[in-house]
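*Asks:* predicted structure and sequence below. I'll ask about it afterward.
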Protein chains: 2
Amino acid sequence: MRRSIATVCLSGTLEDKLAAAAGAGFDGVEIFENDLLACPLTPEEIAGRCADLGLAVELYQPFRDFEAVPEELHRRNLRRAAHKFALARRLGADTVLVCSSVAPEAVDDDALAAAQLRALGELAAEHGVRVAYEALAWGKHVRTWERSAELVLRADHPAVGLCLDSFHVLSRGGDIAGITEFPAEKLFFLQLADAPHMRMDVLQWSRHHRLFPGQGAFDLAGFTSRVLAAGYEGPLSLEVFNDVFRQAPPGRAAVDAMRSLIVLEEACVRRAPATADTAEARRFAEPPPPAPAPEGFAFVELAVDAESGTEVARTLAATGFAHIGQHRSKPVELWQQGDARVLLNATGSSRAAIGAFAVETGDPEGAARRATALLAPALPRTRGAAEADLTSVAAPDGTAVFFCRTGAADGWLGDFILSGSPGPGRTGITAIDHLGLAQPFDAFDEATLFYRSLFGLAPEHDAELAAPFGLVRSRAVTDPRRRLRLLLDGTVLRRGSWAPAVPDPQHVVFATGDIFRTARALRERGAPVLDVPANYYDDLDARLALDPGLLAALREHNVFYDRDGDAEYFHLCTPILGSRVFFEFVQRSPGYHGYGTANAPVRMAAHRAAHSCARG
Amino acid sequence: MRRSIATVCLSGTLEDKLAAAAGAGFDGVEIFENDLLACPLTPEEIAGRCADLGLAVELYQPFRDFEAVPEELHRRNLRRAAHKFALARRLGADTVLVCSSVAPEAVDDDALAAAQLRALGELAAEHGVRVAYEALAWGKHVRTWERSAELVLRADHPAVGLCLDSFHVLSRGGDIAGITEFPAEKLFFLQLADAPHMRMDVLQWSRHHRLFPGQGAFDLAGFTSRVLAAGYEGPLSLEVFNDVFRQAPPGRAAVDAMRSLIVLEEACVRRAPATADTAEARRFAEPPPPAPAPEGFAFVELAVDAESGTEVARTLAATGFAHIGQHRSKPVELWQQGDARVLLNATGSSRAAIGAFAVETGDPEGAARRATALLAPALPRTRGAAEADLTSVAAPDGTAVFFCRTGAADGWLGDFILSGSPGPGRTGITAIDHLGLAQPFDAFDEATLFYRSLFGLAPEHDAELAAPFGLVRSRAVTDPRRRLRLLLDGTVLRRGSWAPAVPDPQHVVFATGDIFRTARALRERGAPVLDVPANYYDDLDARLALDPGLLAALREHNVFYDRDGDAEYFHLCTPILGSRVFFEFVQRSPGYHGYGTANAPVRMAAHRAAHSCARG
């Protein structure tokens, strides 16, 4: 199937948008009227530019407020349409989108609407174009796909067909089963957008909060599969109005968009019944290799400079990690406790930040091929002779993501000269529980899709926190077996000049089976632990009436507490190390799947206070 | 009346917030639980800090989900309340806010709710505090102020009273006339917030989009006057949840908040019936001097450096302005055509930007006193002997605003050595029509209130534009006689790294009585005019079916067109001069009061294209 994107999805001038769409590998575009009006190129020059870029002009849109009006206005509407049909031809587009009317003059009269649509089809045919009619979810009289489909059938003109838009259909929560019955030859266009569930006016929701498929909560694969089952053969075209994407770099947003379509196609192929499998699959490009099941973190790598490297190494030692290996060719140290491995990489000049992490899977080569097929940017890597050939790609926030197999004979551990053993966990740390990755403002939804698509992780625990320096959103992505947990967070609005000393900290979170054993061991070894305000514990007492002994222990050891039903979560943190990273130690009951997110604002203020004290 | 602010209005840690509130002159604060939990100071230390800063702790809040629950939960709620009452006492707060329950366990039983509120009052009295009960607009059973008032009366305990919150009351559009009848001794607290009208879930609206009084669309003066008429004598306390303010510099936001209260008090005094005038007025601090009626722009001043100064001067000459004067002691040139005066000030190093403008009024001294009373920051100014003593203040975007009287013998013109005369308008320009002032992301609402309060301007023509590089909001503020028009615009989200060459242009807009005469004169004089795409005119033709002669003239002269009914607006622009300013020339029919805002996206793309060409 052809892959298309509406120019309205992307930021910039029309020229910027076309270049971005072509760069991401789209086959075609929908050209939005506002982009055209503001463009100094003539329609013919735009058509030529698209041809040069290998882009078909799949659609011109929108033509508004047409159907079911008094005769005199209908005549004026036809004049207006004639201009736009001629324009579409000049652009090389054979289809013009007509949305259901929101005009006060429109009347609730299907016979009149169908007759006027038929007249519009007649005019379109004269211009050598066709009309794709779409029900806006907030149309004056036509708001459902069923009613728009009924009008298209009733108009009964070969140049009048249906445009289905997943947002308009799914936002209304309507029944989509009947789509498969609609005649294929009248299915002219398919527009795709995802969205989060929101309680707001549907027009505002549509105009500001659409997302690319896989970034929201709609069942795009179910919807698209039905439209394909009906026999639709036009392009899959993304039409996403999103305030953030509207001002994000268009080249990046276009790649994000293309990734969403590849994953959507894969899901559609997977949903097709076995008998239809080959026929269905033939309509799509080769799907990417399947997502390999993640087994956990092989390692996390912190980029450090000399000063922060010393601080982090001292903290690792104090928290019971052993420095057990040195890279053969690079200034990289391997530290380990239990199955938690931390690399300190001093090749750059970062003041301590998560530079990379490695995902263990049974098929790292397949994982790397999948990442490439999903347009994840490959990172260059120099390696010494006989060193492991590790592939890595860049996540949206720049973090390098490696794929590897720890136990393998030719694995990454072979690149290290081992000089010690992790021994028994000295402070009870058993593994990496999760990583907390602060996302740049406009990378949050992109990051969700990136991790979701590369590793088959699912988002959960969406939260919005009233943090001390502004609202923060937080979302976990994890695999069904919860071997790989990532906690993404980011500010709801991009920060300005007023910001805390540590605006976007990252954290490496280690699991322990006994938080108080770990806390005592940390204290004995002199590890730095973040002070938690007494007021926090007074509130815990007021809210939860915890056992006084437990409360005293929490208070004594600066341990945060959360619970979900009977399942409990205990966590304590170090201060910020270097410029933006801290360690956290957690004990979770088997039934607790959260991240203690409600405690994050208190932790942020405590980090700010500690950081201000330490740095002056 | 005492002036108070809830800590939740401001960004930062509790310590930051208290310092900001005190700095802006507030008498007291409401302390929010989340701010307290995250604070390392003990409640007694917080009380001490407040006392040192001259702040009363007016309220502790919120206590949630209390009333109308089964007995066992009621007992647990009382235990929870006892903790919080003790805490309030330690803070030195005599009032605790209790919001109506949103808990699933709450039942719809007024007798039970009242009995449990009475028990809560009993417990509060034991702790030496009182309970202010508030109906949340989204409470499970109690959503209206009338029902919360009924429960307070029915609880019938001296420690149980009412908290009225303007948002919860006005967002529901309910009847507020009855407020004046409520017994004064049971009116414990008054919280004030404004908001724009929005079609969305009321909880989201409340938590994200509240504004300070005078920044939104609610009738705060009407509401507050009724509460005062009932005999309320507690503080006027701002409680504003706003995503932008939550991360804005708290010192600035606190000043903005205080300005909103001063103006609200002024409006309440003005609304009081003549007989009650003195009694009502005695309750407030001295109101600021009244806003003087603006007569128009005395001048606009562009800050330039040598290179941009040359470019701007050349453009002024080409657009028919005459260089008629030179400042006696500074490198400032006076250019004039008709009544439009432009100063070029080369004392700084700005690459051409609006540095200042001057408002003509009959009482510049009164205007300056009003600005000072409204906490507008006074700007320092050096002046030569015998030069006019012009007062200026800084608007939120940093623009200097002067107050002056052009015709006066001792006026600002006397500071210039006049060497020519503006003569008859050479290109038909008669005056400054308006100024377009791009606002920094977090100054938009502050700017609205600033201009509204200083000059009595009213906001109108709110618009949100899908501009090429992201959404842009736009709003005009003008006086009733439309002598002083300012057009504020700003991005809906703060910009990131992807941005056009000219992200936030300002414009000086000159009025002409005949746009085509002006356009021809500009062409003859070689003035630079921004190219408008042909596609724009094709669309005008399709939409409006303009007279072909008119359309041809618009197209020939790159004139934008808008209309409102029969009233028309014609405008054309120069390219960007220096780094961020351009000139615009407009002809408006008497009935047209807009700004051609719908054309702005086309203009922005054209500026981007022209700028990219010119600068490479």
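*Replies:* That came through fine. Residues are numbered from 1 along each chain as shown, chains lettered A, B, ... in the order given.

*Asks:* how much space separates residue A:531 from residue B:344?
*Replies:* 57 Å (Cβ to Cβ, to the nearest Å). Where C-beta positions appear, they are placed from N, C-alpha and C, glycine not excepted.

*Asks:* neighbour-wise, which of those two wins?
*Replies:* residue B:344 (23 against 14; other Cβ atoms under 10 Å in any protein chain shown).

*Asks:* ok, the more buried one touching residue B:332?
*Replies:* Yes - with contact defined as Cβ atoms under 8 Å, residue B:344 reaches residue B:332; the gap is 6.8 Å.

*Asks:* okay, and the common contacts of these two?
*Replies:* residue B:301 (Cβ atoms under 8 Å, 6 or more residues apart in numbering or on different chains).

*Asks:* grab the nearest non-local neighbour of residue A:487.
*Replies:* residue A:436 (4.5 Å; Cβ to Cβ, 6 or more residues apart in numbering or on different chains).

*Asks:* mind giving me the packing neighbours of the helix or strand harbouring the one you found?
*Replies:* Using DSSP states H and E, the element containing residue A:436 is strand A:429-438. Applying 3 or more Cβ pairs under 8 Å, 6 or more residues apart in numbering or on different chains; DSSP states H and E, one finds that strand A:429-438 contacts strand A:294-303, strand A:340-345, strand A:353-361, strand A:485-491, strand A:506-512, strand A:581-588.

*Asks:* parallel or antiparallel, list what pairs with it.
*Replies:* strand A:485-491 (parallel), strand A:506-512 (antiparallel) (DSSP bridges).

*Asks:* under the pLDDT cut-off, which ranges of the stretch 301-450 of chain A? List them.
*Replies:* A:382-385, A:409, A:423-425 (pLDDT under 70).

*Asks:* please enumerate the strands of it.
*Replies:* A:322-327, A:332-337, A:340-345, A:353-361, A:392-394, A:400-404, A:416-418, A:429-438 (DSSP state E, counting those that start in this stretch).

*Asks:* need the residues of the stretch 1-150 of chain A near chain B, please.
*Replies:* When proximity is defined as Cβ under 8 Å from any Cβ of the partner chain, the stretch 1-150 of chain A approaches chain B at A:8, A:11-13, A:33-40, A:42-43, A:76, A:79-80, A:83-84, A:87.

*Asks:* among these, which ones are buried?
*Replies:* Among the residues of the stretch 1-150 of chain A next to chain B, the ones that count as buried by 16 or more other Cβ atoms under 10 Å in any protein chain shown are A:8, A:11-13, A:33-40, A:43, A:80, A:83-84, A:87.

*Asks:* give me the subset of the residues you listed lying in helices.
*Replies:* A:33-37, A:43, A:80, A:83-84, A:87 (DSSP state H).

*Asks:* chain B: which of these is nearest?
*Replies:* Chain B has its nearest neighbour among those in residue A:83, at 3.5 Å by Cβ to the nearest Cβ.

*Asks:* what pLDDT does the closest one get?
*Replies:* Residue A:83 carries a pLDDT score of 97 in this model.

*Asks:* show me what contacts it?
*Replies:* Residue A:83 sits in contact with B:538, B:541-542, where contact means Cβ under 8 Å, 6+ apart.

*Asks:* check residue A:500 too.
*Replies:* A:468-469, A:604, A:607-608, A:611.

*Asks:* by neighbours, which of those residues wins?
*Replies:* In terms of neighbour count, residue A:468 stands highest of the contacts of residue A:500 at 27 neighbours, by other Cβ under 10 Å.

*Asks:* near the nearest residue to it once chain neighbours are set aside, how many other residues are there?
*Replies:* Nearest residue to residue A:468, sequence neighbours excluded (Cβ to Cβ, 6+ apart): residue A:605, at 4.8 Å. By the criterion of other Cβ under 10 Å, residue A:605 has 27 neighbours.

*Asks:* how close does the residue lying closest to residue A:77 once chain neighbours are set aside sit to residue A:146?
*Replies:* Distances taken as Cβ to Cβ, 6+ apart put residue A:66 closest to residue A:77, at 5.3 Å, once the chain neighbours are dropped. To residue A:146, residue A:66 is 19 Å away according to Cβ to Cβ.

*Asks:* again, but for residue A:212
*Replies:* Taken as Cβ to Cβ, the span from residue A:212 to residue A:146 is 26 Å.

*Asks:* more neighbours: which of the two?
*Replies:* Per other Cβ under 10 Å, whichever of residue A:212 and residue A:146 has more neighbours is residue A:212, with 28 against 17.

*Asks:* residue contacts, the residue of the stretch 451-600 of chain A found nearest chain B?
*Replies:* Residue nearest to chain B within the stretch 451-600 of chain A (Cβ to the nearest Cβ): residue A:470, separated by 2.9 Å. The contact partners of residue A:470, taken as Cβ under 8 Å, 6+ apart, are A:491-493, A:495, B:11, B:243, B:246-247.

*Asks:* need the contact list for residue A:24.
*Replies:* A:5, A:251, A:254-255, A:257-258, A:375.

*Asks:* not counting sequence-adjacent ones, nearest residue to it?
*Replies:* residue A:254 (3.7 Å).

*Asks:* bridging residues for the residue nearest to residue A:596 when sequence neighbours are not counted?
*Replies:* Computed as Cβ to Cβ, 6+ apart, the closest residue to residue A:596 that is not its neighbour in sequence is residue A:562, at 4.3 Å. Beta-bridge pairing of residue A:562 under DSSP bridges involves residue A:569.

*Asks:* ok, now which ones touch residue A:562?
*Replies:* Counting by Cβ under 8 Å, 6+ apart, residue A:562 has contacts A:568-569, A:571, A:592, A:594, A:596, A:598-599.
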